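Participant: Sequence unavailable; structure follows:
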């Protein structure tokens with residue numbers, strides 16, 4: 001006695017704007033009636049030929065499993081998986097191939113979302129039942145109750161869409177509930193810089209009490225290298241003869257290999273370190289921010305800086321040193337395109353934010369050199 005009917009393609013009469021699926025029937029163990037089970041084809045397949053090719057492969061796989069005794073009523077119904085369970089599964093999948101800092105961000109976003117589901121008495125919500133109404137409720141909660149900025153709101157949107165796309169691609173759900181939500185207009189980015197007195201305060205204290213931290217700070221100021229990149233920088237990446245630093249793609253934020261110029265005012269300090277005497281595979285900043293074999297997290301440097309800032313009453317972030325360097329070199333009259341290359345900005349619009357912040361009026365040199373008519 002057959003408990004199933006072999007699979008077939010349901011092609012919506014060839015209409016590519018609709019979702020095609022492969023379906024098969026299996027008898028319900030209690031009612032004895034045949035129930036249709038659907039496996040949806042990807043809408044990214046834009047031709048009939050491509051969809052039929054995928055359907056043929058699915059049919060072969062399903063029919064083989066049915067002949068071997070597969071029973072969909074005893075298998076997991078992923079449509080009834082709770083959203084909490086599913087989003088944690090998506091987190092495991094997503095974080096298996098992204099950078100460490102991105103993993104931390106995703107974990108934070110998922111925790112806030114799960115806490116909201118529990119607080120809203122939606123812990124039993126299934127992947128089959130969640131919809132855009134729930135997604136809008138959550139984003140409204142973040143904006144109205146958590147008072148997050150538009151920039152942070154947009155970061156949440158991007159991350160939630162990415163996580164739920166993992167579930168859509170694995171057929172836990174048909175549609176991404178966060179897809180319709182649009183980003184909000186971002187506020188202008190605030191760029192803060194140290195005053196000369198603040199730099200002197202930090203430098204004088206660190207040279208005596210924490211010279212390794214001061215070197216870390218100098219790399220941010222002179223070379224605009226991010227803390228996460230600095231903790232992965234190796235001795236072999238620094239070329240004092242060519243006066244540059246190679247930033248490999250695997251440690252760069254934008255995943256692109258680049259070369260950073262070392263300003264002349266920083267070269268002499270680096271030469272005093274005698275880096276050529278160290279093994280090339282050593283990390284420049286390892287344990288205790290000294291060269292070594294162990295890769296540390298950037299939070300170690302941040303913790304050191306916060307301790308120093310608190311001791312001297314400095315209310316600045318370590319990363320503001322990058323903005324300070326950019327601002328000072330702008331005031332010195334550097335070419336804006338040179339600064340763009342130095343900061344590794346892909347778009348001149350980003351560099352222009354520095355120009356707006358630090359060059360609100362023409363320089364004295366401009367005033368003196370303006371030609372007469």
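Facilitator: Perfect, I can see it now. The structure presented is a predicted model; accordingly, all values stated were derived computationally and were not measured.
Participant: What's the mean pLDDT across stretch 310-321?
Facilitator: When pLDDT is averaged along stretch 310-321, the result is 92.
Participant: what sits against residue 29?
Facilitator: With C-beta atoms under 8 Å, 6 or more residues apart in numbering as the criterion, the residues that contact residue 29 are residue 73. From N, CA and C alone the C-beta is placed, and that goes for glycine too.
Participant: which SS state does it fall under?
Facilitator: Of the three states, residue 29 takes coil under DSSP: H, G, I helix; E, B strand; the rest coil.
Participant: Quick check, pLDDT for it.
Facilitator: With respect to pLDDT, residue 29 scores 74.
Participant: mind listing the helices for this protein?
Facilitator: Taking DSSP state H, the helices of the chain run over residues 48-67, 83-94, 100-119, 132-144, 150-169, 196-209, 211-223, 227-230, 264-271, 298-312, 320-331, 336-343, 348-358, 364-369.
Participant: ok, of those helices, where does mean pLDDT dip lowest?
Facilitator: Mean pLDDT across the helices of the chain is lowest at helix 364-369; the value there is a mean of 66.
Participant: can you put the helices of the chain in CSV and add mean neighbour count and distance to residue 25?
Facilitator: Listed next are the helices of the chain as CSV, based on neighbours: other C-beta atoms under 10 Å; distance: least, C-beta to C-beta, whole Å:
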stretch, mean neighbour count, distance to residue 25
helix 48-67, 15, 10
helix 83-94, 18, 27
helix 100-119, 15, 35
helix 132-144, 15, 31
helix 150-169, 18, 25
helix 196-209, 14, 73
helix 211-223, 21, 64
helix 227-230, 20, 54
helix 264-271, 12, 72
helix 298-312, 16, 56
helix 320-331, 20, 63
helix 336-343, 15, 61
helix 348-358, 15, 57
helix 364-369, 8, 79
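Participant: Adding distance to residue 255, write these out as CSV.
Facilitator: Shown next, in CSV, are these (distance: least, C-beta to C-beta, whole Å):
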stretch, distance to residue 255
helix 48-67, 29
helix 83-94, 16
helix 100-119, 11
helix 132-144, 28
helix 150-169, 16
helix 196-209, 32
helix 211-223, 19
helix 227-230, 12
helix 264-271, 26
helix 298-312, 17
helix 320-331, 20
helix 336-343, 17
helix 348-358, 17
helix 364-369, 38
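Participant: Any idea which of the ones you listed gets closest to residue 290?
Facilitator: helix 211-223 (5.8 Å; C-beta to C-beta).
Participant: Give me the helices and strands touching the closest one, please.
Facilitator: Contacts defined by 3 or more C-beta pairs under 8 Å, 6 or more residues apart in numbering; DSSP states H and E place helix 211-223 against helix 196-209, helix 227-230, helix 264-271, helix 298-312, helix 320-331.
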